[in-house]
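Colleague: next comes the sequence, and after it the predicted model I'd like to discuss.
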Amino acid sequence: MIAMAWPWGMELPAVPRLAVLVLAGIWLVASTRDAGGVHHALMAAGMAWMILMPAHHHPVPLGILVASTALVAYFGLATVPWFAAAVYRRASCAGAHAVLSAGMSVQLALPLLAHTG
């Protein structure tokens, strides 16, 4: 995720980035006892999907459209309880989780919007 923030990060080979994300996702699922680890594993999967998603398909193939839409919907909906926890319970890290979930939803939606315009 850090490498994605800099222009040179996207020039790194995809395979090592994907390997790190897959291993992180496996570790998060294996080491958790609650839904938080699964949520973070899905974030790793979403980042891997952004690396794998083809950039210039017109029209977007149905499988890519369905997978991307499911991830956009999941992260968009996941924003709501995190935001509510940040506002109503003043949970210390819930605001950060809400922002990260919303950001994932937007990042995954942008390529779809670019192809439907």
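Modeller: Ah, there it is.

Colleague: just the pLDDT for residue 23.
Modeller: You'll see residue 23 listed with a pLDDT of 91.

Colleague: buried sites along stretch 36-50?
Modeller: Of all the residues in stretch 36-50, those buried under the rule 16 or more other C-beta atoms under 10 Å are 37, 39-50. C-betas here are computed from N, CA, C, even on glycine.

Colleague: what of stretch 48-67?
Modeller: Result for stretch 48-67 [16+ other C-beta under 10 Å]: buried residues 48-50, 53, 60, 64, 67.

Colleague: pull the contacting residues for the residue nearest the centre of the chain.
Modeller: In the chain, the C-alpha nearest the mean C-alpha coordinate belongs to residue 46, at 3.4 Å (C-alpha atoms, centre = their mean). Taking C-beta atoms under 8 Å, 6 or more residues apart in numbering, we find residue 46 in contact with 71, 75, 104, 107-108.

Colleague: circling back to that earlier point, so which of the buried residues of stretch 48-67 are in helices?
Modeller: Residues of the buried residues of stretch 48-67 located in helices (DSSP state H): 48-50, 64, 67.

Colleague: want to throw the residues you listed into CSV with pLDDT and distance to residue 92?
Modeller: Formatted as CSV, those follow (pLDDT from 0 to 100; distance: C-beta to C-beta, whole Å):
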residue, pLDDT, distance to residue 92
48, 88, 28
49, 87, 29
50, 84, 28
64, 81, 37
67, 88, 33
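
Colleague: max pairwise distance over the residues you listed: which two?
Modeller: 48 and 64 (13.7 Å; C-beta to C-beta).

Colleague: for stretch 38-47, what is the average pLDDT?
Modeller: In the prediction, stretch 38-47 has an average pLDDT of 88.

Colleague: so how far is it off the chain centroid?
Modeller: Distance, stretch centre to chain centre, for stretch 38-47: 6 Å (C-alpha atoms, centre = their mean, to the nearest Å).
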